[in-house]
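K.L.:
Structure, please.
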Amino acid sequence: MVTEKGGHVSIRKTKRKFDTVVSLIPIGCLSVTWFICGFAIIILATESNTYLEMVQNPKLWTWSIGVILPSCGAIAYKVWVVDDLNLSVKLANEIIAIQQELVAELSFSRRPESTSTQAQFFDLLIAALYVAPPILVTGLISTGTEPFLFLVKYFLQFDIISAFLQRI
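P.N.:
The predicted structure is shown next:
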């Protein structure tokens, strides 16, 4: 929670209801992504006739990235947010304090309408990261590299599952 008192901004940790459950939701979502991509890789590896055929398949590389990124994200989230939230709050407060000292020491007149190139870069980066996921998901689905659809089509090949779905 961000608080401001007398021109001094600080961040402090707050307690929520079901804090441990809520903090584990991102790890659960990343784990589901890891499992789906990993399972799709295993199916693709078992159905490939040769090792070369498996390695040349671009789906394998796409899904490998889909295994690596959620693993790294889950580890970073667990280490920085779940386990060491107190350290993160202390570091954020130190950064805010240093920034306030710099602003106080370097208080010279600036033109309010002009922004630095670094600020413009971060604004463009944030806009690009906001727009990129829907475009990437649309591209993955249109090229046929989406692992969930691959798993659904794979399991629909089995007689037991197709007979069950026909009865429904």
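K.L.:
Could I get the contacting residues of residue 63?
P.N.:
37, 38, 40, 41, 44, 145, 147 (Cβ atoms under 8 Å, 6 or more residues apart in numbering). C-beta coordinates here come from the backbone N, C-alpha and C atoms, glycine included.
K.L.:
In stretch 141-161, which residues are buried?
P.N.:
Buried positions in stretch 141-161, judged by neighbour count with 16 or more other Cβ atoms under 10 Å: 145, 146, 147, 150.
K.L.:
how far does it sit from the chain's center?
P.N.:
Computed by Cα atoms, centre = their mean, to the nearest Å, the separation of stretch 141-161 from the middle of its chain amounts to 24 Å.
K.L.:
Give me the mean pLDDT for stretch 137-146.
P.N.:
Stretch 137-146 shows a mean pLDDT of 78 in the predicted model.
K.L.:
Next, format the contacts of residue 63 as CSV and append distance to residue 158 and secondary structure.
P.N.:
Rendered in CSV, the data for these read as follows (distance: Cβ to Cβ, whole Å; DSSP: H, G, I helix; E, B strand; the rest coil):
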residue, distance to residue 158, secondary structure
37, 21, helix
38, 20, helix
40, 16, helix
41, 19, helix
44, 17, helix
145, 23, coil
147, 18, helix
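K.L.:
Which of the residues you listed sits closest to residue 51?
P.N.:
Checking the contacts of residue 63 against residue 51 with Cβ to Cβ, the nearest one is residue 44 at 12.1 Å.
K.L.:
For the spatially most central residue of the chain, which residues are in contact?
P.N.:
By Cα atoms, centre = their mean, the mean C-alpha position of the chain lies nearest to residue 73, the distance being 6.3 Å. By Cβ under 8 Å, 6+ apart, the residues touching residue 73 are 26, 30.
K.L.:
Pull the helix or strand containing it out as CSV, backbone CA atoms only.
P.N.:
Remark: residue 73 resides in helix 58-77, with elements defined by DSSP states H and E. C-alpha atoms of helix 58-77 as CSV (Å, rounded to 0.1, in the frame of the first residue of the first chain):
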residue,chain,number,x,y,z
PRO,A,58,8.9,-25.3,-34.7
LYS,A,59,6.2,-26.2,-32.2
LEU,A,60,8.7,-27.9,-30.1
TRP,A,61,10.8,-24.8,-29.8
THR,A,62,7.7,-22.6,-29.1
TRP,A,63,6.5,-24.9,-26.4
SER,A,64,10.0,-25.2,-24.9
ILE,A,65,10.0,-21.4,-24.4
GLY,A,66,6.5,-21.9,-22.9
VAL,A,67,8.1,-24.3,-20.4
ILE,A,68,11.1,-22.1,-19.6
LEU,A,69,9.4,-18.8,-19.1
PRO,A,70,6.7,-20.0,-16.6
SER,A,71,9.4,-21.8,-14.7
CYS,A,72,11.5,-18.7,-14.4
GLY,A,73,8.5,-16.5,-13.6
ALA,A,74,7.2,-18.9,-10.9
ILE,A,75,10.7,-19.0,-9.2
ALA,A,76,11.1,-15.2,-9.4
TYR,A,77,7.6,-14.6,-8.1
